[in-house]
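Asks: I would like the atomic coordinates for the input below:
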Amino acid sequence: MQQELEERGTEVDRFRSKQVERARYEADLAKRRFMLVDPEHRLVADALEAEWNSKLRALQETLEEHERLREADRLGLDETQRARITALAGDFPRLWADPKTPDREKKRMVRLLLEDVTLVKKDRLLMHIRFKGGVTQSVSLPLPVNLIQLYKTDPAIVREIDRPLGPPHRRRNIRHAE
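Replies: Here you go, the predicted model:
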């Protein structure tokens, strides 16, 4: 889990760095436009200077935001947050069975815990589970019942239905009974 947090932190930092690069590029572009304008065109020069100043302010804000968030990321989790996460990890069955835990989060938990699972189907279902830490576990389960077999009527019941109830009735007797 620590590795995934580090990977996400690196990814977020890369994204923030790209935002800074983008703001720097836009500020440089605005500067070049301003420097290329003919000074005799005052209105155009004023508009380009205002745009350049705006881009410089945006760059400064982006840099400050990047540094502030980078510092917050360096601080990491405090002890209370770390204790809460550890408590949740220790109470995994309750967390898994909680109806408020969405399937998306359950899948994420499984990806964090398991490296891979191998299924071998013979007379029983054999599962070889390899966890992220390197621990392995093998579980043997009975094969699930075939769906056709699950809904198939028991042969004893079919024989009972097919058994005649008594002497055969003739059509004539049936007609007079009405």
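
Asks: end-to-end on stretch 87-106?
Replies: 17 Å (CA to CA, to the nearest Å).

Asks: what comes up buried for it?
Replies: Neighbour-count burial for stretch 87-106 flags Leu95 (criterion: 16 or more other CB atoms under 10 Å). Every residue, glycine included, has its C-beta placed from N, CA and C.

Asks: same check, this time on stretch 139-151
Replies: Quick answer for stretch 139-151: no buried residues (16+ other CB under 10 Å).

Asks: Does anything pack onto the helix or strand harbouring Glu21? Which helices or strands?
Replies: Using DSSP states H and E, Glu21 sits within helix 2-36. The elements that helix 2-36 packs onto, with contact taken as 3 or more CB pairs under 8 Å, 6 or more residues apart in numbering; DSSP states H and E, are helix 42-75.

Asks: relative to helix 42-75, how tilted is the helix holding Glu21?
Replies: 160 degrees (axes from the mean of the first three to the mean of the last three CA atoms, to 10 degrees).

Asks: Averaged pLDDT, helix 2-36. What do you get?
Replies: Across helix 2-36, pLDDT averages out at 88.

Asks: residues of it that come out buried?
Replies: 16, 23-24, 26-27, 30-31, 33-34.

Asks: For the chain, give me the ranges with low pLDDT.
Replies: 1-5, 75-77, 165-178 (pLDDT under 70).

Asks: so who does the residue nearest to Leu88 when sequence neighbours are not counted touch?
Replies: Spatial nearest neighbour of Leu88, chain neighbours left out: Leu95 (5.9 Å); criterion: CB to CB, 6 or more residues apart in numbering. Contact analysis of Leu95 by CB atoms under 8 Å, 6 or more residues apart in numbering lists 88, 101, 109.

Asks: quick one, domains of this structure?
Replies: 2-76, 84-143 (automatic domain parsing).

Asks: nearest to Ile157, of the ones you listed?
Replies: domain 84-143 (24.1 Å; CB to CB).

Asks: The closest one: end-to-end distance?
Replies: Start-to-end, domain 84-143 (CA to CA) is 39 Å.

Asks: what's the distance between that domain and the middle of its chain?
Replies: 15 Å (CA atoms, centre = their mean, to the nearest Å).

Asks: Name the next helix or strand downstream of the helix or strand hosting Leu125, please.
Replies: Assessed by DSSP H and E, Leu125 sits inside strand 124-131. Per DSSP H and E, strand 124-131 leads on to strand 136-142 as the next helix or strand towards the C-terminus.
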